[in-house]
Structures are given as structure tokens and as C-alpha cells.
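> Whatever this is, show me its structure:
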Amino acid sequence: MTLLLAITAGLAAACGLYLVLSRDLLRTVLGLAVLGSAVNLVIFGAGGRVHRLPPIILEGERTLGTAADPVPQALVLTAIVIGFALASFSLVLLLRLVEATGSDDSRDLVHAEPAATASPGSAPTAPGTPDAEARP
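Coordinates of the predicted model:
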């Protein structure tokens, strides 16, 4: 069962990385969500997949004994909530970007970046370049 979980996490990470490296921003957002799920699988697998008792200390005992470790479960649950919030916010931001620019291709969004300006202490540019002609 641990091998199956490791293979699944590896495939999810590979698919997520492939999507993140895409030019399409929707694929990038979905790739981040898949990568988050792969990390959750790794954390869940690291917590152990052995059938154990629930992490409840019974009356009169001081330790959990053979109970499951609740920390990986809590980490995965928290990561799921944060990942969902990140994906939702990113999708809304992407929707607004597509409405404003008309495209979700990352190469088409270069015109949205501000123009580079020279800092006061930078080296002068060669004559005939657009930066040199714009300076006084």
C-alpha cells in the first residue's frame, strides 16, 4: 500500500509540474493545485498507513500507546484548506486578468509589464538606443 501511495504521489507531482510549466495560466493554476495534492499525499504517507487505534487517550492512561499520530492528519487537513483557498483566489485573479487583457497566454501578457527605467547610478546606454534618446 505504501508503494502505491508513493507512485501516486510521484505521478501527481509529475503531472502538476508539467501543468505549471505551461504557457496557459489556467493550466498553471491547476498544476499548483495538483502539486499541492501530491505534497499532501507525501505527508499522509509519511504519517504511516498502519491500522491503528484513533488518537484518543483513554481514561486512566497517560500515553497514546499504539494510536495513530494525529500530527500528519492535522497537517494534511490544514494544507487541503489552504490549497483550496489558494486555488480559488488564483482562479478569481485569473478570471479578472482574462477580462482585462483578453488572453491567458503568458507570452501575450508581456505588454502589461511596466517599462524598465534606468536608475540614477546606472551606466549610460549607447547612443541611438531608445533609452538614450529618452534621457535629457
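
> which ones are touching the residue nearest to V98 when sequence neighbours are not counted?
The shortest distance from V98 to any non-neighbouring residue, by C-beta to C-beta, 6 or more residues apart in numbering, is to D104 (5.1 Å). No exception for glycine: its C-beta is placed from N, CA and C like everyone else's. Applying C-beta atoms under 8 Å, 6 or more residues apart in numbering to D104 gives the contacts 24-26, 94, 97-98.

> Tell me how far the residue most central in space within the chain lies from E61.
Among the residues of the chain, the one closest to the centroid is L32, at 3.8 Å (C-alpha atoms, centre = their mean). Distance, L32 to E61, using C-beta to C-beta, to the nearest Å: 43 Å.

> With F84 instead?
For F84 relative to E61 (C-beta to C-beta), the value is 36 Å.

> So for these two, which sits in the more crowded spot?
Set F84 next to E61 and count neighbours by other C-beta atoms under 10 Å: F84 wins out with 12 against 9.
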